[in-house]
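Enquirer: here is my input; please provide its structure:
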Amino acid sequence: MSEESGESNKSPLCQRCNQRPASVHFSKVMNGEKTDRYLCEACAAEEGAYHFMLGPQFTVQHVLGGLIGQVSMDPARTETSTKRCPYCGYTYQRFGETGRLGCDRCYQTFAAELEPLVRRLHGSVEHHGKVPTRGGRQLIQQQTLLTLKGHMKQAIEQEDFERAAEIRDEIRRVEMSLKAHKEDADEHQL
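Expert: Down below sits the predicted model:
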């Protein structure tokens, strides 16, 4: 949402009628592109945009069930829904019904099924959230280092040795920066 003429505290107007304040906000992510829509309650109701939220049946389980495809009678889905976590016995079907996994090992057991679901909900399987102010720079550099090492491995596998050498040099720069940051931190502790 953009600020216009310094009025950041005012609610935006409904994008449909341009008369009433928007009180309903929808975000939609398709193919990695996010679009936002701001509507007043009347316009949202007219469009049927949120009638599903007002009914007594609206639950996280219904949403997950729809996303997971519980209604599908596809044989592959049936096999997936009966898959069990070897540690807690939870099934993927039960996850669809409750919206919860049974234990931390369920994430590994159902990884193949959860990845497309997370990608569909968030647009990515990687977290791109906030980084802590304190120590955040190091964290970013460590993540960059892991990414670069993965890219270098791919370049070597593809026999793109020039690209691999460039990545190797970048890895060295990041490692030197991390080392310098660590030495500075050690000096400040003394």
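
Enquirer: to which secondary structure element is Val29 assigned?
Expert: Following DSSP states H and E, one finds Val29 within strand 24-30.

Enquirer: which element follows that strand toward the C-terminus?
Expert: Next along from strand 24-30, by DSSP H and E: strand 33-39.

Enquirer: so Phe161 makes contact with Ile167?
Expert: No - applying Cβ atoms under 8 Å as the test, Phe161 and Ile167 come out as separate, 10.4 Å apart. To be clear about C-beta, it is placed using only N, CA and C from the backbone, and glycine gets the same treatment.

Enquirer: quick one on the thing from earlier: contacts for the strand holding Val29, please.
Expert: 34-41, 44, 49-50, 122-123 (Cβ atoms under 8 Å, 6 or more residues apart in numbering).

Enquirer: now do the same end-to-end measure for stretch 121-139.
Expert: Stretch 121-139 has an end-to-end distance of 26 Å (criterion: Cα to Cα, to the nearest Å).

Enquirer: tally of neighbours for Val108?
Expert: One thing to correct before we go on: residue 108 is Gln, not Val. Gln108 has 12 neighbours, counted by other Cβ atoms under 10 Å.

Enquirer: check what pLDDT it gets.
Expert: The model reports Gln108 with a pLDDT of 88.

Enquirer: element containing it?
Expert: helix 106-109.

Enquirer: what's the first helix or strand after that helix?
Expert: Going down the chain from helix 106-109, the next helix or strand is helix 111-122, by DSSP H and E.

Enquirer: and for Asp36, nearest residue in space, chain neighbours not counted?
Expert: Ser27 (5.3 Å; Cβ to Cβ, 6 or more residues apart in numbering).

Enquirer: can you check Arg137 too?
Expert: His181 (6.9 Å).

Enquirer: tell me the mean pLDDT for the host helix or strand of that neighbour?
Expert: For His181, the element it lies in under DSSP H and E is helix 161-189. Across helix 161-189, pLDDT averages out at 85.
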